[in-house]
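Asks: Here is my input; please provide its structure:
(one chain, ligands or ions: 1)
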Amino acid sequence: MLKKIHHVGVVVRDLDEGLKFWRDTLGLHLTKSETIEEQGVKAALLKVGDSEIELLEPLNPDNGVGKFLARRGGGLHHVCFETDDIDRELESARAKNIQLIDQKARHGLAGMICFLHPKATRGVLVEYAQPIEE
Ligand code: CMX
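Replies: Take a look at the predicted model:
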C-alpha cells in the first residue's frame, strides 16, 4: 500500500547553492547527504514534518537528471511514495502494465527505491521507496 508522500525530488544546478535556500532560508533540517554514483547524482534529504524534499545535483550532463537540468533549468523532478512492501508495489505496477524504469528495487537515498517511467504516469516521474531502518 502507498502510505504517504515520502519526498518530492527537486533538481538543482549545485547542491550547496540549493541548500542555501532549502536549509538556510526555509529552515528545513538536513537529514542525509550522499553522492550516489550509480544514480549519477549528489543528493540531500531535508525534513519537513512527515515528508522530505530531495535535492539532486547531476554528476554529469549526459544522465537523466543532467539532461533534465539542461532542458528545464532545474525545478520539480519527481514525487516519491512510501510503501512498506516495495516488491509487492513493483509487482502490482507490472501487473497493470505500467512501464517501469527499474525491474527490481535498488538502494537509493530514501532506502530501497524504484522508478516508474514518466511516459506511463501522465508525465510525472514517480518513485516508490521503502525506508530501511537504521
Ligand atoms: N519528469 C517528467 N518527464 C521526464 C523527466 C522527469 N523527471 N525526466 C525526463 N523526462 C522525459 C523527457 O522530457 C523526455 O520526454 P520526451 O521524449 O517527450 O521529450 C523523456 O522523459 C526522455 O528523457 P531524456 O532526457 O531522453 O532522458 P532519459 O530517457 O535518458 O532519462 C528517465 C529519463 C526518466 C528514464 C531517467 O531520468 C531516469 O531513469 N530517472 C530515474 C532515476 C533518477 O531520476 N534518479 C535520480 C534520483 C535518485 C534518488 O532518488 O535516489
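
Asks: pLDDT value on the residue in the chain positioned nearest to the ligand, please?
Replies: As assessed by C-beta to the nearest ligand atom, the ligand sits closest to G64 within the chain, at 1.9 Å. For glycine as for every other residue, the C-beta is placed from the backbone atoms N, C-alpha and C. The confidence metric pLDDT takes the value 96 at G64.

Asks: again with the one 3 residues further on
Replies: In this prediction, K67 carries a pLDDT score of 98.

Asks: close enough to count as contact, it and H77?
Replies: No. If you go by C-beta atoms under 8 Å, K67 and H77 don't touch, sitting 11.4 Å apart.

Asks: the more surrounded of the two?
Replies: H77 (22 against 12; other C-beta atoms under 10 Å).

Asks: Run the contact check for the helix or strand hosting that one versus the ligand.
Replies: Element membership of H77, judged by DSSP states H and E, is strand 75-83. Yes. Strand 75-83 lies within reach of the ligand by C-beta under 6 Å from any ligand atom, at H77, H78.

Asks: Parallel or antiparallel, which strands does that strand pair with?
Replies: When pairing is defined by DSSP bridges, strand 75-83 lines up against strand 2-11 (antiparallel), strand 125-130 (parallel).

Asks: Let me know the distance separating the residue of the chain most remote from its centre from H7.
Replies: What lies farthest from the middle of the chain is A95; by C-alpha atoms, centre = their mean that is 23.1 Å. Per C-beta to C-beta, to the nearest Å, A95 is found 26 Å from H7.
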